[in-house]
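A.B. asks: here are the coordinates; sequence isn't available:
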């Protein structure tokens, strides 16, 4: 009848929008009863038409916007498409704006907006969405009088989101408030009412959460009672039935963990199987239900030892992890559980499990999130790539191990690298798609940079908090919209023949080209084994060097030894300034470096058949993983008078550099082109207002650099000096200069790592990332801790030196920890003398050799102790 009414009403008729709205509402009611997705699509289509036909200012406009926003949020709940929830929030914000304060429809619209913001928070974790949602839902409750039929629903939504904030922030007061709010909602609804199950189920979930926090069994018993009532009161076929069954099943599983009654575990499995069976294929909740079922099956295997349970757990975990739709966190969790189960019995699917987990890492650290969020998400899978490589090596898949280690490490840097790619191969085949991809990538990078800057400014501008927050939200929304658009375009491109893996996993044939200037040695540290994987440009297979005399425990033991040797905070001990070898807490640098030599480096050099024959030493590029990233591989050797002859140290055989990934060594098309014009070197020295202790050696260092340039036969060189030393001035000069030299304080602090500049501000990683510049040139970082990294995410290379590489510098001289203010100027002088001394324009690709030679002279000339020369490393080409 309603469809006929719409069809018989001509466009332009004043009743047409209302009839479309009624038709859409009817489709939605049928969808809620039967769960048919086609009804939801028809409802959305009808509401879109209604909005298009309703003029701005019409009193019915806000109602149509509210209805369409609710429908889009429902479709997001079902399918998980991020654009739906973004559009829903946009529609609902517009509706709230149009409804005057005091209007009876205001609370309903506020509730829908709050629920949509909560849904987006659960998907991407933006805390601002959570806080805004709570504010909206509180307003909805406050504006609704007692006795109003919608009051329980508004209370339920508020209680649910307070429980969500408890799960995120851990504040018990949020959970207590959630429980009291949900109890009020339950009490307001008479028994037998069809809306009773929703607050009952949410109350049960909150009581279970409080039990898990406090351990009071009465909370769990009450939770099970509430959840059972919610299931019993919900008719079969209702769209919410699977969610209620899932919640009840999880509560039985929790009681089994606490009490140990096998019957509870059986009930949990039964409930969760029903939840899985009733959840439609392609529903975003399916992976979560499957993951929960797998956990219970795995628990029963551990209790009874029946292999069938473990096989079933592996099966459901694999389906959950491989689902195309659903929260990435749930799918990744399922992949980790799949790995654990498959490893127990060396199941044939183990490598598939690792492959799926690695493919999900970029989705966990989605490019539409903030930098801090992306790194936080990656902590979930900090070791999965190294363990995957070890599993591949166990089965003899050497090239797969290399491909995975490249695919699953330095993910944030790698995506930045992709944004700046030229996409040459795609350009020749699909020029229009390439043009669009370049536009979106450039816009996305700019939006990301603007978002990070806005975030920093909002922290500083407390007096303008409202406007700063509003502006930041706009930047966040734009950043996310561009990321979604780029993801959609990439999906289209990957449907083209030959482009199925476009910007995804690189094959070994591509990766080995990175070893054009010398072997790349990947050092993998997994719990079960340690290995070296050697990549050579002219060899179509990996050289595998197992390290049986070195294991994960030893690598972490060496890290602890270094902490003792370096002292608290990596401070240089006073005896180092005098060049006296230090032996602290019963350990020594000699023992650490000899362990690295015998257990790691010597077997690798033997495999490469390197010798100490006089002449130019070969370059070697160390690509460490896990705990290897914090160890001085470049200095491994046997030290002491009895080992003074060549052949006992890595520096006797090769010139060492470090790289975070193989891809960073790929030469851009213009990398070998000879630059023209004056050579410009920027020197940035410690400004007086950096808020740090003075470094007397900085002035000496600058004078050394000036003297080298003054006496250089290398042609015309211009020395640019930072006068103010502000972040803005330095960034501007870095764009002009070919090379840059920093002589100042450096601080390692994850993504807030930076170089200390004027006004107590840092040149942070996010500033360096934003610096896109032509590829090539040297960044000399004569500052502390510029290549240290973050222990939580050792495989993400979160340090200043890596930031310089990915911003476009071809090579970096960095430091692994604090450096000597007395000797740092000598190292800088000797490096520059060698680079500027041959009468031609200096070449950044010779910096590694110049540093190698400078450190060698320092050791000979000064008899310098390990603390003073070990920190200096070269990173990049």
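C.D. replies: Looks like it came in fine. Everything quoted here is computed from the prediction, not taken from an experiment.
A.B. asks: quick one: low-confidence ranges for the stretch 301-450 of the chain?
C.D. replies: Residues of the stretch 301-450 of the chain meeting the criterion pLDDT under 70: none.
A.B. asks: Checking residue 201 next. Helix, strand or coil?
C.D. replies: helix (DSSP: H, G, I helix; E, B strand; the rest coil).
A.B. asks: State the distance from it to residue 610.
C.D. replies: 66 Å (C-beta to C-beta, to the nearest Å). C-beta: built from backbone N, CA, C; applies to glycine.
A.B. asks: Tell me which of these two has more neighbours.
C.D. replies: Ranked by neighbour count (other C-beta atoms under 10 Å), residue 201 and residue 610 place residue 201 first, with 29 against 17.
A.B. asks: Find me the pLDDT at the more buried one, would you?
C.D. replies: Model confidence at residue 201, given as pLDDT, is 96.
A.B. asks: can you offset everything so residue one is 47?
C.D. replies: All right, first residue 47 from here; so that's residue 247.
A.B. asks: residue contacts, it?
C.D. replies: Going by C-beta atoms under 8 Å, 6 or more residues apart in numbering, residue 247 touches 272, 273, 276, 286, 289, 290, 293.
A.B. asks: Residue 918 now?
C.D. replies: 859, 860, 861, 865, 873, 897, 901.
A.B. asks: Looking at these, which are in strands?
C.D. replies: In this view, the contacts of residue 918 that belong to strands under DSSP state E are 859, 860, 861.
A.B. asks: which residues does the first one contact?
C.D. replies: The reference is to residue 859. 824, 825, 826, 827, 828, 877, 893, 897, 918, 919, 920, 921.
A.B. asks: That one bridge partners, please.
C.D. replies: Counting by DSSP bridges, residue 859 is bridged to residue 826, residue 920.
A.B. asks: From residue 210, how far off is it?
C.D. replies: Distance of residue 859 to residue 210, given as C-beta to C-beta: 47 Å.
A.B. asks: One more: the second one?
C.D. replies: For residue 860, the distance to residue 210 equals 42 Å [C-beta to C-beta].
A.B. asks: who's more crowded, the two?
C.D. replies: For the pair residue 860 and residue 210, the greater number of neighbours falls to residue 860 (28 against 19), based on other C-beta under 10 Å.
A.B. asks: Give the buried residues for stretch 408-421.
C.D. replies: If you call a residue buried by 16 or more other C-beta atoms under 10 Å, then stretch 408-421 has these buried ones: 408, 410, 411, 412, 413, 414, 415, 416, 417, 419, 420, 421.
A.B. asks: out of those residues, who's nearest residue 117?
C.D. replies: residue 414 (23.5 Å; C-beta to C-beta).
A.B. asks: Show the contacting residues for the closest one.
C.D. replies: 128, 170, 525, 526, 528, 529, 530.
A.B. asks: same thing but at 10 Å, please
C.D. replies: Going by C-beta atoms under 10 Å, 6 or more residues apart in numbering, residue 414 touches 128, 170, 420, 490, 493-494, 497, 522, 525-530, 532-533.
A.B. asks: Likewise for residue 425?
C.D. replies: So residue 425 contacts 410, 411, 836, 838, 839, 842 (C-beta under 10 Å, 6+ apart).
A.B. asks: With adjacent residues omitted, what lies nearest to the second one?
C.D. replies: This means residue 411. residue 420 (4.0 Å; C-beta to C-beta, 6 or more residues apart in numbering).
A.B. asks: can you tell me which of the ones in strands among the contacts of residue 918 lies nearest to residue 234?
C.D. replies: residue 860 (62.9 Å).
A.B. asks: if I look at the closest one, how far off is residue 705?
C.D. replies: For residue 860, the distance to residue 705 - C-beta to C-beta - is 12 Å.
A.B. asks: Between those two, which contacts overlap?
C.D. replies: 848, 851, 920, 921, 922.
A.B. asks: what residues does stretch 262-275 touch?
C.D. replies: Contacts of stretch 262-275 (C-beta under 10 Å, 6+ apart): 225, 228-229, 232, 237, 242-243, 245-259, 290-298, 300-301, 304-305, 310, 313, 317.
A.B. asks: which one among the buried residues of stretch 408-421 gets closest to residue 453?
C.D. replies: Using C-beta to C-beta, the buried residues of stretch 408-421 come closest to residue 453 at residue 408, 8.6 Å.
A.B. asks: Now do the same contact list for that closest one.
C.D. replies: 374, 420, 424, 453, 454, 457, 458, 460, 461, 464, 549, 550.
A.B. asks: try 7 Å
C.D. replies: Counting by C-beta atoms under 7 Å, 6 or more residues apart in numbering, residue 408 touches 457, 461.
A.B. asks: before we move on, which element is it in?
C.D. replies: Using DSSP states H and E, residue 408 sits within helix 396-410.
A.B. asks: list the buried ones in that helix?
C.D. replies: Quick answer for helix 396-410 (16+ other C-beta under 10 Å): 396-408, 410.
A.B. asks: now stretch 481-497
C.D. replies: In stretch 481-497, counting by 16+ other C-beta under 10 Å, buried: 482-484, 486-487, 489-497.
A.B. asks: what's the farthest-apart pair in those?
C.D. replies: 482 and 497 (21.9 Å).
A.B. asks: Tell me where the model's unsure across the stretch 147-296 of the chain.
C.D. replies: In the stretch 147-296 of the chain, no residues with pLDDT under 70.
A.B. asks: Going by residue numbers, what spans are helices in it?
C.D. replies: 152-170, 173-188, 197-215, 218-234, 243-260, 263-279, 287-305 (DSSP state H, counting those that start in this stretch).
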